[in-house]
Structure formats: structure tokens, C-alpha cells
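Chemist: Below is the sequence, then the predicted model.
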Amino acid sequence: MPQDLIRPMTSDQADYLRDESRLIGQAEWIAFPETEQQLREILASCRRSGRPVTIQGARTGIAAAAVPAGGVVLSLTRLNRVRGMKQNADGRYVLCAESGVILSRLRKQIEDRHFAVSDWDEPSRQIFEQFRRDRTQIFTPDPTEATASLGGMVACNASGARSYRYGPVRRHIQGLRVILADGQTLDLQRGREKAAGRTLNLTTEQGGQLRIDLPTYALPQVKSAAGYYAADDMDAVDLFIGSDGTLGVVSQIELVLQPLPDQIWGVTCFFGEEEQAWQFTEQVRAAGETGLLALEYFDRQALALLARYKAGHPAFARLELSQRPFGAAIYCELQGEREDQLLEAVARLGRQMEHAGASPEDSWVARTAFDRDQLLFFRHAAPECVNLEIDRNRQREPSLTKLGTDMSVPNDKLPAVMRLYREDLKASGLPYAIWGHIGDNHVHVNILPRTAGEYETGKTLYRSWARQIVAWDGSVSAEHGIGKLKAEYLALMFGEQSLSEMKRVKNACDPGFLLGRGNLFAPPEGRKTE
Amino acid sequence: MRIVVCVKQVPGTNQVYLDPETRSIVREARHAVLNPYDTFAVAWAARLGSQHGWETLALSMGIPAVEKLLRDSLCRGIDRAVLLTDRLFAGADTWATANTLAMAVRKLGGADLVLCGKMAIDGDTAQTGPELAECLGYAVVTDVTDIKEVSRSQVQVSRHTESGVQTLLVRLPAVLTVAKDSCPTRMPSIADLARGASRPLECWSAANLGADPDRIGQRGSPTRVVCTETPPMKKQSRRLEGTLEQQAASLECIIREIVS
Amino acid sequence: MSCDTALPGAGGLWVLAEHDQGRILPVAFELLGRARQLADRMICPVAAILPGTVDQAGVSALIAAGADEVLTCADPALDNLPEDPCTDLLSHLVRQYEPAVFLIGATHWGRTVAPRVAARVHTGLTADCTMLDIDPKTGLLLQTRPAFGGNLLATIVTERHRPQMATVRPGVLPEPVRDTSRRGRLLPVEPPPLTNRLAELSRLVLPPEQGIAAARVIVSAGRGIMSQKNLALVRSLADLLGGQMGVSRPLVDMGWAPVGCQIGQTGQSVAPDLLIACGISGAIQHIAGLGQARMLVAINTDPEAPIFQFADVQVVADCVPLLRQLVRDLSARRKDGGLGSEAAAP
């Protein structure tokens, strides 16, 4: 029976060998389970034959976690139903969705209050009736790539701009169904399955016992998606969130919705100098503006790149840009229940601009859906331009890829890390652009190498920054996950001892080291081949 | 010289719910927005006003909540705003709307240039602009893509036609209905918000306009909606079942029957 | 309804015969066809109104399509249908002859001139009707169009004002079979004093786009396509089938596709042999543009999507992977020389 479910890869399935990291892997087999039962049969069969399994969602990740390293590609794209709805103890709506559900589609369903409820159970339908009449709800995690799958977002503990206020995916997951490598299933609820100290005992639905000795390390006090989550008395769900597809296959996710704030305004503030933007960030953060959802940064190079693409590329013609060249911009997103509150908050931002040496004339306030779309287009244009730029460079030098960092530091290291990036990049002469979640001291440095030599220079820089950031108690991956591309930095951040503790966890859940091979760390010697 | 820009509030979404009990249309008020085409009319007015030092005024007919949209226009560089709001205006068709707006423009002492969006996305008629021009006796050009060479007696405009683009000289006073993306829009700055808050915004009633109740609102509308219905269904329909591959295969058979 | 035939066209149904430099547009014939059917029930004449110069063949075609009378005003100043003088002329004729009904094609020109005439003679006008009928009890023209954001059909009447004016989009009504044996009168009329406040400086004729209005196969996309990137799949399938890509209005509003691709009440009306609608929920304003499709295939994840009520074939599926699969299957077959190789050849 699993022979039908696991089929040889055909030449027209090459798409499944890569993800947005543009790394290309290899695999012999591919499976598209449509039910959890099929998923279990596939895993049990792989376990028997010792075939490694790489889990894939929508392949929008950029750390290559979904790129197969031989064996079977397990695509969850057809596990894409929303199965029901409930309400948790806090009165929040909780959606039960399969892990192949696409974020943008889920958002639209939530916004339209329209789900295919015909196969939902009666309690779910009753809650849905209430949901339909209630105020609009939202699932807050907002990674830039809205076509991500929920499973992928759980695997790397994704976040996005609004996690400045709402936190990463982890904060919005109430429960998970996990299929272990041997086909056994775990039904995990936050608050129900918990560790005692650093020991987690789990019982599978089939009655199997699982004892996991959790790592003993303390996680950095910054936004982080690097390494297994570990804390005293932690919830079992938190171990699987951010585990990069190495501990089990998440088949179903319970995600918690929030009421959508009545008003959301976007304010883009422009600054003559980058230092002013950093200072503004620190001031606004210190002032504790309560309605602030996001603080996003664009450096001088990013603004210049946008200006160049607006002039030369019809797709970016509708990009709104200021007439004058600015040194930096900060996008602030504010929420509130009443317009006058927001007007006051915006006026406070204006005063902070003046305090940082900028003028409140040099800002855009988006209060309508139309204007917010303009700002969203502006924010998303930066990564699009970088991808086009890299594609152009690849025509001359096909081996090139983008070098994008994803590191975070504690609050007091913000100006230092920004200066470090800028000075090293200036000295190297590499083309680059920086943008990202400056509110969490987490910006993406994008290096755009034109030659193989520049690529190597960029990698050297990246390595040296990772070392410095680890020394500052930062994280080498704040939101993209470690995957295959950043395994080296994970070792740097955690050290041998902690890494072996992570491998101990891996061994308890997946003794054959079959799942997500090459993610986080290399499999132990002797298990590298089938 | 004076520019009047006419704007309309529309539901922000095409999602309307039919209340199963009352059979009436339910629209969520919080999603009301400025008609997207009018965004460009406002942008043109602000731009021409500041370039030529002309007075700009935003005009709308609607419920009191429309004040918020007019305030937004004031933040985008329009000098003053007038909201025509009165129960007597309710239920107006395009002619009654145009007639009411025309009375307001006359009360203001006329205009040299009246700008409107090409159409409103809720009614989709594109009639109010040309009807307003006739009520005022002004010239009119619809679907304008560009405005240039503005003088005190005429403007040069480009517009879409069936076969391409036409450039015209229009004698003022004139009504222009503008196309989407015809003008770069400008978001207000933090400083603009403060300025907009202090600009004058008045509300006028039917009595303020001296309007004849038989020529405004539902009573003054030549057209009347006699019934609404959900559209008829299609005859027989077949559903393709099975897995994605099976559905694709069945669909391919159907396509091959037609395209061969 | 009583009909006074003392004056040409009086109390009758009028249709504006819009033309492009003397070539009468198809929408005029479409309107005449429907006017003829309605006039036979009202027992009153149908008149075609023809400003500017059109040759005898054009006039005969109008009569063959259903006109009893053709009112012409062959003033060379009207040949290019300038809007100001045409508004003067049409308002003048309406006041003089008092027709019961006046139908105009909802072309760029018609959508400007019809509201001007309606306002000048102070009557009602219904834009973009999809159905026209006569109420057997009152004799009023029933003007039906999508309304309320396109989710309902509204029927509108003009009770006390005359004429009852309506516009209809090109392609919405079928073109009538012409009867060359029909007889009709040609009635030249004198123009009133004409004014013009618009001076044409230049006219740029753009090459006609490979329009979707005439396409035999259309693959169209709505919000369910999820991202602009996925439109490439839609285009690929259209190319494989030798067809065109269409979209619903939200995609145009988001700037994902040019307005020329838009199907619907405010976009293009289409009449293909095959229309594959991907991720389109089916607002009536959209359905209004595809009523003439011979075979409608709808793909949507939501089994309750309204579009399924109009579809010949329903596919409850995510359109993106389904399109991917179809494109893959069809390109494989095309390589084997199986399908559509002629139709799809550039």
C-alpha cells in the first residue's frame, strides 16, 4: 500500500528539490499524503526501509530546511484543510488546521469569515456561528512570504514585522499533532504535556513511552529561531515548534486568533542619517508606546535600490518614493481603538523624529486600506529588488546566491551592531542593502555579490559577524531557522556540549536520524548513508 | 480660481451580506472607504491647487460619518471641505445626486474646475460626473489620464478612447472625471495631519441649499429600483471528483473535446 | 402604450447608431435586435439615430437589423461624433420627438454622452444593463443590472420621466439575424445650433490589444490565485490552449493585471467556447461579463462559491496546484504533438 503513496521522483518534479534558498538537493522518492493515516503509513514504511525523509511545506523557506538530502520528499501540500474551530480558556478562537494550509489563504478565509464547514463537527460549527458574528479576527504572525505553509511557519518559529508586539508563531500555537518517525502519534496541548524540570516524558496515542532529556542550556534573551527550545518545566509543544523538521512531522496545528484592532495605521519616517533612525528606534522603544505593532528599518542602500528599480522597472513604477534621497527610513505600525488616540500617538512619533534631528514633514501616514497597501508594496519591494538584482548577477556568474543574514542582538547592542555591519561592508566594497525588524534589533543584511570572489568575501564577513553577535549574547537566526545553510553558525552559537544535548533530543524522537537530515547538524557518522 | 473635488464614500469590500431574517443588505460600516478613483481626483486637486495657487474645496454628499473622509482630504492638501448631509438627500439616483452637488457648487459661487473620480466602485455607473457637468452647464471630459497646460481659461487633457488616447483642449469651467493611477498620490505626513485638523469643514443641509424636496433624494430621482433578486442558476452542472491528479485528468479530457 | 406615428419616432424605441468614421459598431445592431423584440410587444416603431455621415449600406444594415426609421443628421461637423455637438443634437431630437425609450451602447463615447443627454432633458438613465424587458402591466421598460457590489440583480424603472434611457455594454446582447427584406424610412433631420467647448489636439491610435472579447478560449483568475506570481500559470495554460488570460476586478484593482484583461460588468464581456475560471468566487458583476461563454469550468476551493451555480463543470480544488498539474500534463502531451499544437502555435 505505501508503494502507491511513495512514488519515484519524475523529471518534471524538479521543483521539489529546492526551496527559496535556491539550493538544489536530491531525492529518489516523493509522497503527497492527503490524510494523517497516509502520513503514518509513509513514515512507517520509510522507517522500515531506512529511507531518510525531508518534510516540505510550501518551500518558501530560505535556510534550505526543505531541500532534500537523498531519500524521500514528504510534501504536506495536500494536508491543507481547516478541520474545525474551538474556543480556549481565554475566550480566544482556536483554529485546527492541517500543516499544509497556506497562510495567505487562511488569512482570506478568516477575513471573509468563510470556511468549508460542511465536514466540521457540531461543536466547531457552533463556535463558527459565534465567530461569524463576532468582530474581525486575525492570526498575527506575518512573515514576508505570505504563501508560506503553517507547518513551515511552525518548523522555523516564523515571525514577521508584527512580532515586535505579538511575538513569533510560538506564542500563537495552542496544540500540535505530531507524527514521530516510527509512525506513532502525539497529541500535544499547551499546559497539558509539560516537562518536569528538564525531563519530558511523553506517551504516544499508541501507548509508547518517550523520555526526552532536554538540553540544559539557557536560550539567549533575544528573538531567536536557532536550536531546540529548552526551559525548565516547558511545554512539549515548544520543543517541536522551531525544530526545523527534525523531531517529527506536524500534521495538525491549533492556532490562536486575536481580535483585529479597530484601527491600524502605518507611519514611515524618513531620516537624513542612519544614526538618526537608530536613535529614533531607541527613543520610541524607551518611551514604551503601547500601540506599537512593528518597527521596521530601511537603510540608505535599500532606499537607493528602490529608487533605482522604480526608475527602471515597470513593476515598481507605482512605488511611492520621496523626491529627496534619504539616509534611512523607519516604518512604525500603530494600533488603537479610537482615531484620536492614534492621532496623539502619531504626534508623539513626530516629536521623537524632531528629537532625533529629523522633520515630521518627512513622513507618510497611512490610515486607509489604500495607503496601507502602498506602504506594504514599498516594504515588499525591497526583497523583490534584491532578488532581481541577484538574478541579474547570476546570469554572469551562475554559482552566486544572495547572502542574507538573520541575526539579533540585545537592545543595548543595537547601535554597535548597525555600525559593525556598515563599517565592514563599506571597507569591503560589496554591494548590499539592509532592512528589517529593528524593533527587535534584528535586521537582515543582504549582500549582493557580483563575482565568486565577492561571494567568498561576503561569507567571511558573515562568519565574523556571527562570532561577534554570539559574543554579545545574540542569536545567529532570529526567524528563518537554521536549516542546512546555517548549521555552521548554530555550532558557533551553542558549542559542542549544547549541540550534543540537542542530538540527544533528536535521538530520543528519531533514533534513525531519518527526519530532516542535514538540518541543524550533520547526522552521526555511520548514519549518513541508507 | 477655484477647484472643487467631489468625493464619495463606498463600502471597502464587495462583501455584502444578506441578512436571512430581514432580507436587507448588511454592510460593515467600519469598512467604508473613499472611492478609490476619487483618491486620484483629490491628488490632482491638491497638485493643481498648489502649483497654481488656486483655492481647493472637497465636496461630498452622504451620512455624517463621511466627515472623516473629507478630513482626510484636508490632510492631503485640500483647503476646505463641505459635506451635504440630510435625510432628504437619501436614496438619490445619479441625476438627483448630480443636481444636489450642482446646487452646492452654485452656492459656493461656481468653480473653474470640478474633478471627480471616473466612477464609484459601488454603483459602477460613471454617470454622476457627466450629469453634474450638464446640471452646471460646464464642459466635461471623462476618463482623463493626464492634465497639463492649465491656464485661467482652458486646460489640456488626455483621455482614453475606444481606440487609444486623445488629447484635447477644454474651455473652462469644466468637469473632468479622472482615471485610476492618473496622478501620483501623496500620503499625508505627520505635519499634514496637524494642518488638516485645523482646516474648515462645514455641513450643509437641504435647507442650507434651498433645495426643492422634489428634486433631491429618492423623491427627486427619475429612476426607482422595483426589485432585487439573486441571479438565476445554470442548468445542469457536473462536479469533477477525486484526487488532484484525477481532477486534472478529467478536466484535460473536457478541454480536449473543445480545443482540438 | 399608445403610439403616435404623426412624428417620426415619437413614442417609439430609439437606438443610437454609434459609428467609427462611418462604420457602424456591432453594439448598435445588438441594441436594435432587442429593441425590435420589445417594440413588437409594445406595437410601436423602432428608430435608429444616426449623427454624421454613414453610407447607404450602413443605413440598410440598420433597417435589416430591425429599425423602422433611421433619423440621420449628415452634418460633417458630426462625422467624428464630437461629444458636445452630439449632446446638443440628441437632446434636441429627444425634446422634439419624445421617444418612449432611448438605448445607447456603453462604449467610452456612450458612457459620456448618454448621461449628458439624460441630465439635459432631465430623465433617468440606467448604466450597463444586462437585461431589458417590458412590464406587461405598466408598459414600463424593465432595466436589469447587477447592483450592491455585484451580488444582486436590481431591476430599475423610470416611471414619470421620458425617455426611459439605458446603456448596455457591447457583447452583452446577441447580434440579431438581419432581414434584408425589411423596409424602413430614412428621415433626414436638421441640427439645432451646435456648440463645442472641446478642441481635439491629437489622437493616438493604439494597436488593438489581442482582446479577450473575441477569444475562443479564456483562462481567467480571481483572488484565489493568491499571488501575482501564480498568474504565470494562468498565462501558461491560456498559451497552451491558444487562448487569452482574463481576470476578475480585484486583480486589476491590486495592479496585478491590466484593465484590458478584466471580465465583468465594468470590464469586457466575453463569449468564448471555453472559459476556465480559476479561484473566482463569482460576484454577479463578474458573471455579467461571461454570460455568453459556451462552456464554463469553475475551479474553487470553496464548494459553496457562487460561481459554481453558473458553471457547467465544477472542480472543488485549489486552483494553483491544479493549474500546475494541468500545465505539466498538457505541455508533456504537446511535446508528443498531441494537443492544441496548431491552435497554440505562435
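Modeler: Nice, thanks for sending it over.
Chemist: Distance across stretch A:471-479, terminal residue to terminal residue?
Modeler: Here the two ends of stretch A:471-479 are set 19 Å apart, with distance taken as Cα to Cα, to the nearest Å.
Chemist: and it, average pLDDT?
Modeler: Mean pLDDT, stretch A:471-479: 96.
Chemist: how far out from the middle of the chain is it?
Modeler: Its chain's C-alpha centre and that of stretch A:471-479 lie 15 Å apart, by Cα atoms, centre = their mean, to the nearest Å.
Chemist: And for stretch A:37-53?
Modeler: Averaged C-alpha coordinates place stretch A:37-53 at 27 Å from its chain's average position (Cα atoms, centre = their mean).
Chemist: Now tell me what touches whichever strand or helix holds C:V113 from outside.
Modeler: Applying DSSP states H and E as the criterion places C:V113 in helix C:108-120. The set of residues external to helix C:108-120 that reach it, using Cβ atoms under 8 Å, 6 or more residues apart in numbering or on different chains, is B:94-95, B:98, B:125-135, B:140, B:142-143, B:160-162, C:16, C:18, C:27, C:81, C:83, C:86-87, C:90-91, C:94, C:102, C:104, C:106, C:124-125, C:127, C:165, C:167. For the C-beta atoms, the positions are set from N, CA and C on the backbone; glycine is no exception.
Chemist: taking those one by one, which sit in helices?
Modeler: Judged by DSSP state H, the subset of the contacts of helix C:108-120 located in helices is B:94-95, B:98, B:128-135, C:27, C:83, C:86-87, C:90-91, C:94.
Chemist: Now do the closest residue in space to C:V94 that isn't next to it in sequence against C:Q96, distance only.
Modeler: In space, and not counting its chain neighbours, C:V94 is closest to C:V121: 5.1 Å by Cβ to Cβ, 6 or more residues apart in numbering or on different chains. Remark: distance between C:V121 and C:Q96 (Cβ to Cβ, to the nearest Å) = 11 Å.
Chemist: Could you report the pLDDT at A:R198?
Modeler: For A:R198, the predicted pLDDT is 97.
Chemist: quick one: it and A:Y217 touch, right?
Modeler: No. With contacts counted by Cβ atoms under 8 Å, A:R198 stays clear of A:Y217, the gap being 9.9 Å.
Chemist: okay, and the common contacts of the two?
Modeler: Contact criterion Cβ under 8 Å, 6+ apart; residues bridging A:R198 and A:Y217 by contacting each: A:A230.
Chemist: sorry, back to before: quick check on C:V121 and C:Q96: which one has the bigger neighbour count.
Modeler: C:V121 (20 against 14; other Cβ atoms under 10 Å in any protein chain shown).
Chemist: Now stretch A:249-256 - C-alpha only, CSV.
Modeler: Provided in CSV are the C-alpha atoms of stretch A:249-256 (Å, rounded to 0.1, in the frame of the first residue of the first chain):
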residue,chain,number,x,y,z
VAL,A,249,6.1,15.6,11.3
VAL,A,250,3.5,18.1,12.4
SER,A,251,0.2,17.1,10.9
GLN,A,252,-2.3,19.4,12.6
ILE,A,253,-1.9,22.8,14.3
GLU,A,254,-4.1,24.6,16.7
LEU,A,255,-3.6,28.3,16.2
VAL,A,256,-4.9,31.1,18.4
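Chemist: what's residue 126 in contact with, if anything?
Modeler: Just going to use chain A. So A:Q126 contacts nothing (Cβ under 8 Å, 6+ apart).
Chemist: you looked at the wrong chain, it should be chain B
Modeler: B:118-119, B:142, B:177, C:111, C:115, C:127.
Chemist: Who wins on neighbours among these?
Modeler: Neighbour-wise, the contacts of B:A126 (other Cβ under 10 Å) top out at C:P115, 31 neighbours.
Chemist: How confident was the prediction at that one?
Modeler: The score at C:P115 is 98. That number is its pLDDT.
Chemist: C:P8 now?
Modeler: C:P8 carries a pLDDT value of 64.
Chemist: And for C:G260?
Modeler: Per the predicted model, pLDDT is 82 at C:G260.
Chemist: Is it in contact with C:G211, as I believe?
Modeler: Yes. Using Cβ under 8 Å, C:G260 is in contact with C:G211, at 7.2 Å.
Chemist: Show me the common contact partners of these two, please.
Modeler: Jointly contacting C:G260 and C:G211 under the rule Cβ under 8 Å, 6+ apart are C:Q268.
Chemist: what's the helix or strand hosting C:A39 packed up against?
Modeler: Taking DSSP H and E as the criterion, C:A39 maps to helix C:26-42. Applying 3 or more Cβ pairs under 8 Å, 6 or more residues apart in numbering or on different chains; DSSP states H and E, one finds that helix C:26-42 makes contact with strand C:13-16, strand C:46-51, helix C:56-64, strand C:101-105, strand C:131-134, strand C:164-168.
Chemist: Pairing partners for the helix or strand that comes right after the first one, with directions?
Modeler: Put plainly, it is strand C:13-16. Moving toward the C-terminus from strand C:13-16, the next helix or strand (DSSP H and E) is strand C:19-20. Strand C:19-20 pairs in its sheet with strand C:23-24 (antiparallel), by DSSP bridges.
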